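S.K.: Below are the sequence and a predicted model; questions follow.
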Amino acid sequence: MRHLLEMDQLSAADLDELLDLCAPERAEPVLAGRGVALIFEKPSNRTRNASEMAVVGLGGHPISIRGEEIGLGVRESVDDVTRVLARYHALIGARVFDHRHLEQMAAVEAAPIVNLLSDMAHPTQIVADLLTLRQRWSKFDGRSVAWVGDGNNVARSLVLGCGLAGLSVRLACPAGHAVDPVAVDAARAYGVDVLETVRPDEAVAGADAVYTDVWVSMGQEMHAHQKEDAFAGYTVTADLMAQAAPGAVFLHCLPAHRGLEVAAEVIDGPASAVWDQAENRMHAARAVFQWLITQ
């Protein structure tokens, strides 16, 4: 039984297969007459809509469950929740605060588990991001992606995904907010170049894509002022984008805060691919679900 908790559970061939499966015409009714449990400890716009429609696209029935309805590890043990849901559903997706809960769920081996976001990783987002880039570039050879901002869960998964895809990565993160070094080392082990710097201009110079995310992730709101101080100078502005390669793509996984991590003229400008990214979350989720069900 296979699960997708983080990008390093995939091979380069797996990733290629997933990206191919994202094409709507590749969808098959592999979930016909079956349910998929979607647990949301964190609120969601894109993830819930994308995941529910992905299940529908495969002929299945999605059941979204709020975190307080089951109380993972509090009201009921993670193992028991997993065993019960697996009796009703072909697959379980979960958006959780604690990545260890996903690992516990996968260890039960009762149903395929998909990480819909955790404090550590966001693999379905990265499949969507790589799909968005492949739609523009066809091939990844010789391309580079610059990340500007917090070395958070999305950045961690992005580094691993770029490593699998053969994309070089430039990371501009303030001191104390770097990407997990384990993920950076893993990407380098794939044979790709990873630049780490505290200077956004150095990371963005000549990059084919520029990616940023919110500075304050969900659950970290009490640290908002300290983070905004630490990230002064890390806003992706039109001047910063001008230092990227001609035709560079701007990415953001949303929600966005215009005037903080990105200028309005960038996210709403011609280089922005964020709305394609948002749509591609649905295609990526559908591909992941179909791939896991048919393994």
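M.R.: Right, received. Where do you want to start?
S.K.: From here on, just use CA atoms for contacts and neighbour counts.
M.R.: Fine.
S.K.: Would you map the helices across the stretch 151-295 of the chain?
M.R.: For the stretch 151-295 of the chain, helices defined by DSSP state H, counting those that start in this stretch occupy the ranges 153-165, 181-189, 200-204, 224-230, 238-241, 264-267, 274-293.
S.K.: neighbouring contacts of the longest one?
M.R.: Translated: helix 274-293. 2-3, 18-19, 21-24, 27-28, 30, 46-47, 49-51, 53-55, 57-58, 90-91, 112, 124-125, 127-129, 131-132, 250-254, 267 (Cα atoms under 8 Å, 6 or more residues apart in numbering).
S.K.: Got a PyMOL select line for the buried ones in those residues?
M.R.: Entered in PyMOL, the line below selects the buried ones among the contacts of helix 274-293, by 16 or more other Cα atoms under 10 Å:
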select buried, resi 2+3+18+19+21+22+27+30+46+47+50+51+53+54+55+57+58+90+91+112+124+125+127+128+129+131+132+250+251+252+253+267
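S.K.: residue ranges of the helices in the stretch 1-150 of the chain, please?
M.R.: Assigned by DSSP H, counting those that start in this stretch, the stretch 1-150 of the chain shows helices spanning 12-21, 46-57, 67-70, 78-88, 99-108, 123-137.
S.K.: and of those, who's closest to Gln295?
M.R.: helix 12-21 (11.0 Å; Cα to Cα).
S.K.: could you give me the average pLDDT of that closest one?
M.R.: Predicted confidence along helix 12-21 averages 98 (mean pLDDT).
S.K.: quick one: it to helix 153-165, angle?
M.R.: Comparing the axes of helix 12-21 and helix 153-165 via axes from the mean of the first three to the mean of the last three Cα atoms, to 10 degrees yields an angle of 110 degrees.
S.K.: Can you spell out which helices and strands pack onto helix 12-21?
M.R.: Packing partners of helix 12-21 (3 or more Cα pairs under 8 Å, 6 or more residues apart in numbering; DSSP states H and E): helix 123-137, helix 153-165, helix 274-293.
S.K.: Tell me which residues of the longest one come out buried.
M.R.: If I follow you right, that is helix 274-293. Neighbour counts over helix 274-293 (16+ other Cα under 10 Å) mark 274, 276-278, 280-293 as buried.
S.K.: could you give the angle of that helix to helix 46-57?
M.R.: Helix 274-293 and helix 46-57 meet at an angle of 50 degrees, taking the same axes, to 10 degrees as the criterion.
S.K.: Tell me the gap between helix 274-293 and the middle of its chain.
M.R.: From the chain centre to the centre of helix 274-293 is a distance of 10 Å (Cα atoms, centre = their mean, to the nearest Å).
S.K.: quick one: average pLDDT of it?
M.R.: Rounded mean pLDDT across helix 274-293 is 98.
S.K.: and what of the shortest one?
M.R.: Regarding helix 153-165, the rounded mean pLDDT is 98.
S.K.: helices or strands up against that helix?
M.R.: Applying 3+ Cα pairs under 8 Å, 6+ apart, one finds that helix 153-165 contacts helix 12-21, helix 123-137, strand 168-172, helix 181-189.
S.K.: can I get the ones you listed in a markdown table with distance to Asp208?
M.R.: Listed next are the helices and strands packed on helix 153-165 as a markdown table, based on distance: least, Cα to Cα, whole Å:
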| stretch | distance to Asp208 |
| --- | --- |
| helix 12-21 | 19 |
| helix 123-137 | 10 |
| strand 168-172 | 10 |
| helix 181-189 | 18 |
